[in-house]
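Asker: build me a structure from this.
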Amino acid sequence: MTVDEQEFLARRFEEQRPRLEAVACRMLGSVAEAEDAVQEAWFRLARTDVQAVENLAGWLTTVVGRVCLDMLRSRTARREAPLEERPVEPQEVATPEQQAMLADSVGLALLVVLETLDPAERLAFVLHDMFAVPFDEIAPIVDRTPTAARQLASRARRRVQGGTPQNPDLLRQRQIVNAFVSAARGGDFEALVSILDPDVITRADGKVLRQGAAMVASGAVAFSTVARGVHLILVNGSVGAVSSVAGREYRVVTFTFAEDRITEFDVITDPEQIRGLDLATLD
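Answerer: Numbering: from 1, shown residues only. Below is the predicted model:
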């Protein structure tokens, strides 16, 4: 690479730096670590054939995401290691300017919740909900399919919203899903609409099938016979629904809630995806 090419690449990288540092800061909860992650992305870019990179912004976001994911997993492993096995490391002391920057960009309450998330959940939530990165691009970073990446973000979103009164607890989730299933079995269109958010979305294996309360309710009425074979179950810690034959689940539905209404349905039929879910019976 010539000097001119290096300078051009450096300029393009600097154009992306603010966004990359914002992504890394929200991922890691540390200004200093975010800067390290972005610097590592620069080192990797310098070793890469840039001619083969069609979308530099997307490529850099992917690299920063992977670097952050590795750092989070390493952090988790250190916390779980026995005390005598943990390496002695200098403690990072954030400056007042760094603390203020982090608080302004992330929000202290959100940062506390993000710290409780699994690294993959955190990445999927941050990239999708905060930076609108498509699940097709998030999936390879976390070594999941787009549908599984969507589930990670959805699970993280529920946990992030868990501290607010609008997010129903498991008992309320169970009541809402029970009401929906009962209305679907009875073909009660009005009851279904009353349970659904006006902008509710139904997806099947990641693809949007229906949107809007009337459309989703009509679909539920049309498949009322299917609802008769549905029973409630815990899916990744939240109330969901499952259809099974001979003890094998062939369709799992997860729900997203807001203000006692259902805002999203995710219908999962792919056997591999179903095997990757944490399914448990309801008490």
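
Asker: so the closest residue to Arg261 other than its chain neighbours is in which element?
Answerer: Excluding the flanking residues, the one nearest Arg261 by C-beta to C-beta, 6 or more residues apart in numbering is Asp197, at 4.5 Å. Heads up, the C-betas are built off the backbone N, CA and C, glycines and all. Per DSSP states H and E, Asp197 falls inside strand 196-204.

Asker: strands paired with whichever helix or strand comes after that strand, and their directions?
Answerer: The helix or strand immediately downstream of strand 196-204 is strand 207-211, counting by DSSP H and E. According to DSSP bridges, strand 207-211 forms sheet pairs with strand 196-204 (antiparallel).

Asker: which parts of the protein are strands?
Answerer: Secondary structure of the chain, counting by DSSP state E: strands at 196-204, 207-211, 230-235, 238-245, 248-258, 261-268, 279-280.

Asker: and among those strands, the most buried is which?
Answerer: Between the strands of the chain, strand 261-268 has the highest mean count of neighbours, a mean of 20, where neighbours are mean count of other C-beta atoms under 10 Å.

Asker: who does it touch, helix- and strand-wise?
Answerer: Packing partners of strand 261-268 (3 or more C-beta pairs under 8 Å, 6 or more residues apart in numbering; DSSP states H and E): helix 146-160, helix 170-186, strand 196-204, strand 248-258.

Asker: just the buried positions in the second one, please.
Answerer: The one in question is helix 170-186. Going by neighbour count (16 or more other C-beta atoms under 10 Å), the buried part of helix 170-186 is Gln173, Arg174, Ile176, Val177, Ala179, Phe180, Val181, Ala183, Ala184, Arg185.

Asker: ok, residues contacting it?
Answerer: The set of residues external to helix 170-186 that reach it, using C-beta atoms under 8 Å, 6 or more residues apart in numbering, is 168, 191-192, 195-196, 220-221, 223-224, 227-228, 230, 232, 234, 238-241, 255, 257, 260-262, 282.

Asker: let's see it at 6 Å
Answerer: Applying C-beta atoms under 6 Å, 6 or more residues apart in numbering, the contact partners of helix 170-186 are Ala191, Leu192, Ile195, Ala220, Ser224, Ala227, Arg228, Val230, Leu232, Val239.

Asker: and the end-to-end length of stretch 176-194?
Answerer: End-to-end span of stretch 176-194 (C-alpha to C-alpha, to the nearest Å): 11 Å.

Asker: so in this structure, where's the weakest helix or strand by average pLDDT?
Answerer: The helix or strand of the chain with the poorest confidence is helix 96-106; it has a mean of 47 (mean pLDDT, DSSP states H and E).

Asker: can I get the strands of the chain in JSON lines with mean pLDDT and distance to Ala149?
Answerer: Formatted as JSON lines, the strands of the chain follow (pLDDT from 0 to 100; distance: least, C-beta to C-beta, whole Å):
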{"stretch": "strand 196-204", "mean pLDDT": "91", "distance to Ala149": "13"}
{"stretch": "strand 207-211", "mean pLDDT": "85", "distance to Ala149": "14"}
{"stretch": "strand 230-235", "mean pLDDT": "85", "distance to Ala149": "16"}
{"stretch": "strand 238-245", "mean pLDDT": "84", "distance to Ala149": "17"}
{"stretch": "strand 248-258", "mean pLDDT": "87", "distance to Ala149": "14"}
{"stretch": "strand 261-268", "mean pLDDT": "91", "distance to Ala149": "12"}
{"stretch": "strand 279-280", "mean pLDDT": "78", "distance to Ala149": "19"}
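
Asker: distance to Arg11 for those strands - can I get that in JSON lines?
Answerer: Shown next, in JSON lines, are the strands of the chain (distance: least, C-beta to C-beta, whole Å):
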{"stretch": "strand 196-204", "distance to Arg11": "40"}
{"stretch": "strand 207-211", "distance to Arg11": "39"}
{"stretch": "strand 230-235", "distance to Arg11": "47"}
{"stretch": "strand 238-245", "distance to Arg11": "46"}
{"stretch": "strand 248-258", "distance to Arg11": "42"}
{"stretch": "strand 261-268", "distance to Arg11": "41"}
{"stretch": "strand 279-280", "distance to Arg11": "50"}
